[in-house]
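Trainee: Quick one, structure for this:
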Amino acid sequence: MEFSELSGKRVLIVGLAKTGVTLSKFLCRHGAVVTVSDHKSKAELSGHLEKLDGLPVTLELGGHTPKTFLNQDLIVLSPGVPPHLKIFDYARSQGVYVTGEMEFCSQFIKEPMIAVTGTNGKTTTTHLIHTFLLESGVKSWVGGNFGEPLCEYLMADNRAEVLVVEVSSFQLEHVQKFNPKNIVFMNLAENHLDRYRTMEEYVNAKRKIFLNTNQGTTSILNADDNAVVELARDPMVQRGRIFYFSRKPSLEPQIMNIGGAVTIKNSIRVRTGPEIEYYNVENMKMKGKHSYENIMAAILAAREHGAKHESIQRSIDSYKGMPHRLEYVRKVGGVEFFNDSKATNVHAVLRGLDAFDENVILIMGGKETNLNYAPLRDKIQRKVKTLILVGEAKERINRDIGDFSETFLIGTFEEAVLIAYQKSRIGDTVLLSPGASSFDMFDSYVERGNYFKEIINKFK
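Mentor: Numbers count the residues shown, from 1 in each chain. The predicted model follows:
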């Protein structure tokens, strides 16, 4: 698609927020007739509306009307907007094309894209790939579900050699033509069951990342995740080349034969061509065994686009991880505090607990999203001395795992952190790993994590 095709086109953006603002600017720049519809009120959206000052944008706030939706050539949904609303079905039935921001914007991008998806590890892996490329002198842009929306790249004056894009299931729901050069699939576990009626629906959304694979596509897949391995048997995935990565030394002969990466003790072995390369992870600063998976996947993707061995090794040695992902906060009175606010599902909490041996005081809870917390029972019993529960989901979490450690149900987030500190002793670890999204109390996991750090930094 060319920018000139937007001139005079009637486009409705559903959902303002950050993505909606950038989409509005992009479309107005190229002559589209733009309307924005959001169920929130003008007062609730005041911060975003300020950024639209001076733009010829029609606003429909506080609800959606069928007339507005039918009077369009195109409807573009922000990622947070569920695609199954009846008004969208009605618009489609009347011949209006409905799509998502990532699918829409990707059609204007000519540069190769590395698309990173999975239930957990997406953000760290995306940022690692970007870091490896930049350190190697490759001009890379990073964004998508993490950082800036894809439409932000279209607004930039400078072009990149490669785009590294984190892709969520919400963004993949609309895929028809999205065609990344590389696909990185980290793992698959139960998530977002407030949006999807079944796990199968969630998996089907993720599967769409492979819709347009061809002989020029390289897929990078986690050999240790049974759901991903099963997905790899899909005929769609088989088009193009596949690299696997694994933390199991027993898989080394098989993986080295077809290409990929394996972690053995303090070394990562990688083969993407005729020779095997070795990367030392002995000095790695990130916590958690799952960090090896992030590094392996990132190496495989970055090497495809010219990242250099010495630059990757230098980055591995210095990389400290992403904020709010097993982020070390400080040590107070012999107790260490870690912020894992980005752990918004059960699989992420399991990975967080894997980073510690015992004596963990775990703070969990947030928005109720119908997750099953029973898979945590064994690790809670073995590693968690005290479980502090807060937020909408605390009753469900308590029913599933509350009998496997000393457990407290608390009213406010601040009180939960204070009680965690009161219950701690020298040598303990206080870990915020909520296993739930933040939207019952906070606007984002970032706000939740920052508030946690703010409370901790006031402790004497």
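
Trainee: can you tell me how far the closest residue to G62 other than its chain neighbours sits from L61?
Mentor: Distances taken as C-beta to C-beta, 6 or more residues apart in numbering place S41 nearest to G62, at 4.9 Å, with adjacent residues excluded. Any C-beta I mention is one placed from the backbone N, CA and C, and that applies to glycine too. When distances are taken as C-beta to C-beta, to the nearest Å, S41 and L61 turn out to be 6 Å apart.

Trainee: out of those two, which sits in the busier spot?
Mentor: Set side by side, S41 and L61 show unequal neighbour counts under other C-beta atoms under 10 Å, the larger going to L61 at 17 against 11.

Trainee: can I see the domain layout of this structure?
Mentor: For the chain, whose domains are defined here by automatic domain parsing, the residue ranges read 8-101, 109-318, 327-456.

Trainee: how about the ones you listed, which one is nearest M1?
Mentor: Shortest separation from M1 across those is recorded for domain 109-318, at 9.0 Å, computed as C-beta to C-beta.

Trainee: For that closest one, what is the distance to the chain centroid?
Mentor: With C-alpha atoms, centre = their mean, to the nearest Å as the basis, domain 109-318 stands 12 Å off its chain's centre.

Trainee: same question, stretch 314-328
Mentor: Averaging C-alpha positions (C-alpha atoms, centre = their mean) puts stretch 314-328 16 Å from its chain's average.

Trainee: Contacts for that stretch, please.
Mentor: Residues lying outside stretch 314-328 but in contact with it, judged by C-beta atoms under 8 Å, 6 or more residues apart in numbering, are 123-124, 127-128, 131-132, 135, 279-281, 283-288, 291, 295, 336-343, 352, 355, 445-446, 449.

Trainee: Now do the contacts for K342.
Mentor: 123, 322, 324-325, 348, 445, 449.

Trainee: redo that, cut-off 7 Å
Mentor: With contacts defined as C-beta atoms under 7 Å, 6 or more residues apart in numbering, K342 is in contact with 324-325, 445.

Trainee: Can I get those residues in a markdown table including secondary structure, pLDDT and neighbour count?
Mentor: As requested, the contacts of K342 are exported to a markdown table (DSSP: H, G, I helix; E, B strand; the rest coil; pLDDT from 0 to 100; neighbours: other C-beta atoms under 10 Å):
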| residue | secondary structure | pLDDT | neighbour count |
| --- | --- | --- | --- |
| H324 | coil | 97 | 22 |
| R325 | coil | 96 | 28 |
| Y445 | helix | 96 | 23 |
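
Trainee: Which single one of the residues you listed is nearest to A374?
Mentor: The closest of the contacts of K342, once distances to A374 are taken by C-beta to C-beta, is Y445, at 23.1 Å.

Trainee: Tell me which of the contacts of stretch 314-328 fall in strands.
Mentor: Judged by DSSP state E, strands contain the following of those: 279-280, 336-339.

Trainee: Could you pick out the buried ones from the residues you listed?
Mentor: Those of the ones in strands among the contacts of stretch 314-328 that meet the buried threshold are 279, 336-339, by 16 or more other C-beta atoms under 10 Å.

Trainee: With pLDDT added, can I get these in TSV?
Mentor: Shown next, in TSV, are those (pLDDT from 0 to 100):
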residue	pLDDT
Y279	98
E336	98
F337	98
F338	98
N339	98
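
Trainee: And those residues, which is closest to G54?
Mentor: The shortest distance between G54 and any of these, using C-beta to C-beta, involves N339 and amounts to 38.7 Å.

Trainee: hang on, the earlier thing: for E2, which of the domains of the chain is the nearest?
Mentor: Within the domains of the chain, the stretch nearest E2 is domain 8-101; the backing value is 9.6 Å (C-beta to C-beta).

Trainee: First-to-last residue distance for the closest one?
Mentor: With C-alpha to C-alpha, to the nearest Å as the measure, domain 8-101 spans 19 Å from end to end.

Trainee: And it, how far out from the chain middle?
Mentor: 24 Å.

Trainee: swap in stretch 396-415?
Mentor: The mean C-alpha position of stretch 396-415 is separated from the chain mean by 26 Å, C-alpha atoms, centre = their mean.

Trainee: Now do the end-to-end distance for that stretch.
Mentor: 20 Å.

Trainee: what is the mean pLDDT for it?
Mentor: Computed over stretch 396-415, the mean pLDDT rounds to 98.

Trainee: List the buried residues of it.
Mentor: The neighbour-count check on stretch 396-415 (16+ other C-beta under 10 Å) flags 396-398, 400-402, 404-405, 407-410, 413 as buried.

Trainee: Looking at these, which is nearest A205?
Mentor: For those, the minimum distance to A205 (C-beta to C-beta) is 23.5 Å, reached by R396.

Trainee: mind checking pLDDT for the closest residue to the closest one other than its chain neighbours?
Mentor: Taking C-beta to C-beta, 6+ apart as the measure, R396 lies nearest to E368, with 6.4 Å between them; neighbours along the chain are not counted. E368 is assigned a pLDDT of 94 by the prediction.

Trainee: now swap in Q238 and tell me
Mentor: 77.

Trainee: Also F146?
Mentor: Per-residue confidence (pLDDT) for F146: 89.

Trainee: Now do it: how many residues are near it, please.
Mentor: Using other C-beta under 10 Å, F146 is surrounded by 21 other residues.

Trainee: pLDDT below threshold where in the stretch 351-460 of the chain?
Mentor: Judged against pLDDT under 70, the stretch 351-460 of the chain has no low-scoring part.

Trainee: show me where it has helices.
Mentor: Chain-ordered helices for the stretch 351-460 of the chain, with DSSP state H, counting those that start in this stretch as the definition, fall at 377-383, 394-401, 413-423, 445-456.

Trainee: tell me what the longest one is packed against?
Mentor: Judged by 3 or more C-beta pairs under 7 Å, 6 or more residues apart in numbering; DSSP states H and E, helix 445-456 is in contact with strand 327-332, strand 335-339, helix 413-423.

Trainee: Now distance to L85 too, for those, in JSON lines please.
Mentor: JSON lines is the format used below for the helices and strands packed on helix 445-456 (distance: least, C-beta to C-beta, whole Å):
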{"stretch": "strand 327-332", "distance to L85": "36"}
{"stretch": "strand 335-339", "distance to L85": "35"}
{"stretch": "helix 413-423", "distance to L85": "31"}
